[in-house]
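K.L.:
My questions concern the predicted model and sequence given below.
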Amino acid sequence: MKNEKLSEKEMLKKLLQFNTPTVGNVVATYPNNPHCLALYDNWHGHWYTNQKIRCMFPEKGSRIGYAVTLVFSLPDSNKKSFSFIDLIEVLNVSRKPIVIVAQQKFPDDIADSVGLFGGQMTSMLQVSEVVGVVTDGPSRDLDEMRKLDIQYIMSGLTSGHGDFTLTEINVPVSIAGMDVNPGVIIHMDEHGAVKFPAEKLKDVCNNIEALSDEEDRQAKALLKAKNVDEIKRAWLNRI
């Protein structure tokens, strides 16, 4: 079926067939390639996560969804905060599926000790049609999370936490080198996460097969090469 005839849901499902680096290739990695959309500066565009966070469940595979952004921090009586009931209501009216992108703004001396997302919160998120979470701090209850159908990318694990609060919802956030506005599409897997504008969904779908097929052909040609000249020819004849 041609991409022009695919529904939004079908296009999202199609992109789950590809890994996050391949999506990244189409989004911005190779701006001189005709199949690359070059949406961001490929080195300094802040469009993908770095190695400071990692995928907790590689076996669960990739996830894709529309970003709902959150900021968590210590309670402050001088600042507004949101309840988890507020969050449930926001998720209810958000575009589905959802990927939570949560920035953790805690003091340096406790930032690595905040077991923020856990089993109960993950259960709430799953029934709210969240498919993935990207956050720049640790969490806990990995055993409970593993049984549920949400992918997690985070900094690591810890066993506890103190008081914290949800201070912002659907504001720009920055997570491990990736700047995220609410509503962008997030593709995530064991390699990390990458973003692109929701209005570019069809363009990404249109280009991803061509670029992926091009790389597959080159890889096959390289593996068949019998000498240096054939290796050079395979490397140079990418398209």
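P.N.:
Received, thanks.

K.L.:
Go ahead and measure how far the longest helix along the chain is from the middle of the chain.
P.N.:
In terms of residue count, the longest helix belonging to the chain (DSSP state H) is helix 201-224. Its chain's C-alpha centre and that of helix 201-224 lie 21 Å apart, by C-alpha atoms, centre = their mean, to the nearest Å.

K.L.:
Are there helices or strands packed against it, and which ones?
P.N.:
Helices and strands touching helix 201-224, by 3 or more C-beta pairs under 8 Å, 6 or more residues apart in numbering; DSSP states H and E, are helix 8-15, helix 20-24, helix 228-236. C-beta: built from backbone N, CA, C; applies to glycine.

K.L.:
Single out the most deeply packed of those helices.
P.N.:
For those, the largest average neighbour count (mean count of other C-beta atoms under 10 Å) is found in helix 20-24, namely a mean of 23.

K.L.:
packing partners for that one?
P.N.:
So helix 20-24, by 3+ C-beta pairs under 8 Å, 6+ apart, packs with strand 185-189, strand 192-196, helix 201-224.

K.L.:
Show me the shaky parts of this protein.
P.N.:
1-4, 238-239 (pLDDT under 70).

K.L.:
picking that back up, so which of the helices and strands packed on helix 201-224 comes closest to Gln151?
P.N.:
Across the helices and strands packed on helix 201-224, Gln151 has its closest neighbour in helix 20-24 (10.9 Å, C-beta to C-beta).

K.L.:
Can you name the element that comes right after the closest one?
P.N.:
strand 54-55 (DSSP states H and E).

K.L.:
Check which helices and strands that following strand sits against.
P.N.:
strand 151-154.

K.L.:
Now do stretch 85-105: distance from first to last residue.
P.N.:
This stretch, stretch 85-105, spans 21 Å end to end (C-alpha to C-alpha, to the nearest Å).

K.L.:
Would you mark the buried spots in the longest helix of the chain?
P.N.:
201, 203-209, 211-212, 214-215, 218, 221 (16 or more other C-beta atoms under 10 Å).

K.L.:
care to break the protein down by domain?
P.N.:
As assigned by automatic domain parsing, the chain contains the domains 1-39+199-239, 48-196.
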